[in-house]
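**Student:** Attaching a predicted model along with its sequence, questions to come.
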Amino acid sequence: MRRTITGRHSFTGRGALSNPPGRFDLQKLEAVDDGWYLEEEPESIATTLEPERARTVISHNDSPDIPFEQSINPYRGCAHGCSYCLSGDTPVLMADGHTRPMFELRVGDVIYGTRRIGWYRRYVKSRVLAHWSTIKPAFRVTLEDGTTLETSGDHRFLTERGWKFVTGAESGRARRPHLITSNKLMGTGAFSEAVPTDDDYRRGYLCGMIRGDAHLGTVDYLRKDGSARKSHRFRLALCDQEALVRARNYLLDFDISTNGFLFQAAVGSRRAMHAISAQSFTRVQSIRGLISWPTSPTREWSAGFLAGIFDAEGSFSQMVLRIPNTDPEIVSWIRRCLFDFNFSSVIEHIHHDDRKPIDVVRLKGGLREHLRFFHTVGPAISRKLDIDGQAVKSDARLNVIGIEPLKTMRLYDITTETGDFIANGVVSHNCYARPSHAYMGLSPGLDFETRLFYKADAAKVLEADLARPDYVCKPIMLGANTDPYQPVERRMQVTRSILEVLARTRHPVTVVTKSALVLRDLDLLTQLAQQGLASVALSVTTLDAELKRRLEPRAAAPLARLRTLRELSAAGVPCGVLVAPVIPALTDHELEGILAAAAEAGVRWAGYVLLRLPYEIKDLFTEWLAQHYPERAEHVMSLIRAMRGGRANDPNFGSRMRGTGPYALLLRNRFRIACRRLNLQPSARDPLNTTLFCPPAPAGSQLRLGL
């Protein structure tokens, strides 16, 4: 059984002082001193290692400020112990088919994003992981069909030519892929506004629902004494309580109360059916009056009628929206109301020998018109509004026709599981190692350092990934999330097995590590580098051995990392140094010294990353500061907040890696001047060769004779 460590403790060789709950924990743990087991708290914590099996080992990234598209993380967790935006009223497509303004989204909400599946990018459900706002200059992007998007210049949208920023330049420091007037965005176009829900809408909804799926009538019968009597009955039975509750509430709005009851219990795969009923003459007559056909229907009545008849009898599947009915009068009203909203439809007549023929009204226009129908008329049953798995393709006129600057305004953004979301009908990008442990139901604190997972059968899975017919060779970053050379790599050799596959298939790779263990694989790295297929970057945080012991207690010493860079460079492996993370008032004064020492070791390029404190990391780092540097803890945090727009963390693309404000600008200038003086390329890695890739033979394929 796993032992959970709670509260603040100082453990030998560990960076975190506590084990805070992960963001997805349903149960929060609280440390309580009950007087028992006080002598059982361990002085150190053993590292455990467990297999993590996956169908693929390659992760994909399209964030604009991370310089790689593919990565492999052989391990989850790390034993080293190292402690964009849209206007708030932009409608976002929710997983229930409705929309919600950007500023109303909350962490945990389920929305729609996209994911490439086979040959197409498709709509899939995605959860909101983070939500924030910022104040910055905004731009208005106008599309050919009238869609407008108010967004920051750093936001990105999916075009027919890939992801593009709103603004950019063709040359210079601001050079990046950006929107121009010939670009077409991907999606369905602007979401329609819902018709107001007034009394006319309620009458229309009840008319469609009751005429489509209810029993309403008067029956004559004889009493036991032989006298005649009339029975007035209304009953509406549905499997979907969303529509039933709406109908019952709408009836109450007209002072018509009903009784609710279980009409049919769930049996096997058959769903339960609930019902409402009324039996008095007054109520039944009132309902008849409510659902009578209007002489001149309003726009609101027509929308309500379409929503009601769709909830009662409509369906949406396989990219087809249908509403069937056997009553010619009801079918005629469906066509008339669709015409009122400029929907195009056709009737499919289905003949039956043993029962009434049925007419099926089918809506034309594809997903763009289906979503317009959903959002305009507002059906209640969310399961009928599911677009999961549908391809992101549309004939909507989404060409960019204008990009104009606006004033500074508050903008909002989110982080989602898919990395994107649907903003006002177009695919929009959103905003990386301790927080990953939260997905395992573990803490990003001590669990991250002691509960390690390794990719089981990584080499075998990688070969299968590379053998896929649709695989496109792009450089792989090895260890983007956590260090690929964990101490356990000495015996597990997961990273080496991956490198062996990459060397055999001549696949380009970049390794990022802070471990001298990378020299063990110098033979493979040299072989790859000779063909332009490999580069290595070492992270150097400080040259102060004492500070390193506090900050990265189980990582390689600074001199060992510099020696590693020197040996790699001497062997012909292109190398770079990452000064990461830069901690203001703690390590930032070493920036020039680290770059100079790395240049002397033979590195070709350099980069730096300002300390990032996302999610749970903020509290862990604050604890670490208070423990080791209490006299300057507040000063360090105040500088971090000054470089992060007043907060501990800035998740926005373009600024999250380097920060903003005067202190961040000073740091950038110091880095630029030092690189120029030392003849280092600032973050510009040598391009790797992708033309030599030779995919492995698929499993089970016939061996070649090599003649």
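**Tutor:** On my side now, so go ahead.

**Student:** Please pull out the lowest mean pLDDT helix or strand from this protein.
**Tutor:** Lowest on mean pLDDT, DSSP states H and E among the helices and strands of the chain sits helix 446-450, with a mean of 40.

**Student:** A391 contacts R116, doesn't it?
**Tutor:** No: applying C-beta atoms under 8 Å as the test, A391 and R116 come out as separate, 10.4 Å apart. C-beta coordinates here come from the backbone N, C-alpha and C atoms, glycine included.

**Student:** who touches both of those two?
**Tutor:** Common neighbours of A391 and R116, using C-beta atoms under 8 Å, 6 or more residues apart in numbering, are R122.

**Student:** more crowded one of the two?
**Tutor:** A391 (15 against 11; other C-beta atoms under 10 Å).

**Student:** Return the residues in contact with the more buried one.
**Tutor:** So, once contact is read as C-beta under 8 Å, 6+ apart, A391 ends up touching 120-123.

**Student:** quick check, P379 in a helix?
**Tutor:** No: applying DSSP: H, G, I helix; E, B strand; the rest coil, one finds P379 to be coil, outside a helix.

**Student:** And for it, the neighbour number?
**Tutor:** Residues lying near P379 (other C-beta under 10 Å) number 26.

**Student:** Report the rounded mean pLDDT for the top helix by length along the chain.
**Tutor:** Taking DSSP state H as the criterion, the chain has its longest helix at helix 662-678. For helix 662-678, the mean pLDDT works out to 92.

**Student:** From the contact counts, what lies against the helix or strand L252 falls within?
**Tutor:** If you go by DSSP states H and E, L252 is part of helix 241-253. Other helices and strands packing on helix 241-253, by 3 or more C-beta pairs under 8 Å, 6 or more residues apart in numbering; DSSP states H and E, are helix 199-213, strand 228-238, strand 273-278, helix 299-313.

**Student:** got TSV for those, with mean neighbour count too?
**Tutor:** Compiled in TSV, the helices and strands packed on helix 241-253 are given as follows (neighbours: other C-beta atoms under 10 Å):
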stretch	mean neighbour count
helix 199-213	24
strand 228-238	16
strand 273-278	18
helix 299-313	26
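
**Student:** rank those by pLDDT, which is bottom?
**Tutor:** Of all the helices and strands packed on helix 241-253, the minimum mean pLDDT falls on strand 228-238 (a mean of 87).

**Student:** distance between that strand and the chain's centre?
**Tutor:** Taking C-alpha atoms, centre = their mean, to the nearest Å, the mean C-alpha location of strand 228-238 is offset from the chain mean by 50 Å.

**Student:** ranges for the helices of the stretch 601-707 of the chain?
**Tutor:** Assigned by DSSP state H, counting those that start in this stretch, the stretch 601-707 of the chain shows helices spanning 617-628, 633-643, 662-678.

**Student:** average pLDDT for the first one?
**Tutor:** It stands for helix 617-628. Rounded mean pLDDT across helix 617-628 is 76.

**Student:** Flag every buried residue along the longest strand along the chain.
**Tutor:** Looking across the chain with DSSP state E, the single longest strand is strand 120-143. For strand 120-143, the neighbour count (16 or more other C-beta atoms under 10 Å) marks 121-132, 134, 136, 138-139, 141, 143 as buried.

**Student:** What of stretch 623-639?
**Tutor:** Neighbour-count burial for stretch 623-639 flags 623-625, 628-629, 633, 636-637, 639 (criterion: 16+ other C-beta under 10 Å).

**Student:** Please put the alpha-carbon coordinates of that stretch into PDB.
**Tutor:** The C-alpha trace of stretch 623-639 is given here as PDB (Å, rounded to 0.1, in the frame of the first residue of the first chain):
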ATOM      1  CA  GLU A 623       7.700  26.600   1.100                       C
ATOM      2  CA  TRP A 624      11.100  25.900  -0.200                       C
ATOM      3  CA  LEU A 625      12.100  29.600  -0.100                       C
ATOM      4  CA  ALA A 626      10.800  30.000   3.400                       C
ATOM      5  CA  GLN A 627      12.800  27.000   4.500                       C
ATOM      6  CA  HIS A 628      16.100  27.800   2.800                       C
ATOM      7  CA  TYR A 629      16.200  31.600   2.200                       C
ATOM      8  CA  PRO A 630      13.700  33.100   4.700                       C
ATOM      9  CA  GLU A 631      15.400  36.500   4.700                       C
ATOM     10  CA  ARG A 632      14.900  37.100   1.000                       C
ATOM     11  CA  ALA A 633      11.800  35.000   0.300                       C
ATOM     12  CA  GLU A 634       9.400  38.000   0.000                       C
ATOM     13  CA  HIS A 635      11.900  39.800  -2.200                       C
ATOM     14  CA  VAL A 636      12.200  36.900  -4.600                       C
ATOM     15  CA  MET A 637       8.400  36.500  -4.800                       C
ATOM     16  CA  SER A 638       7.800  40.200  -5.300                       C
ATOM     17  CA  LEU A 639      10.200  40.200  -8.300                       C
END
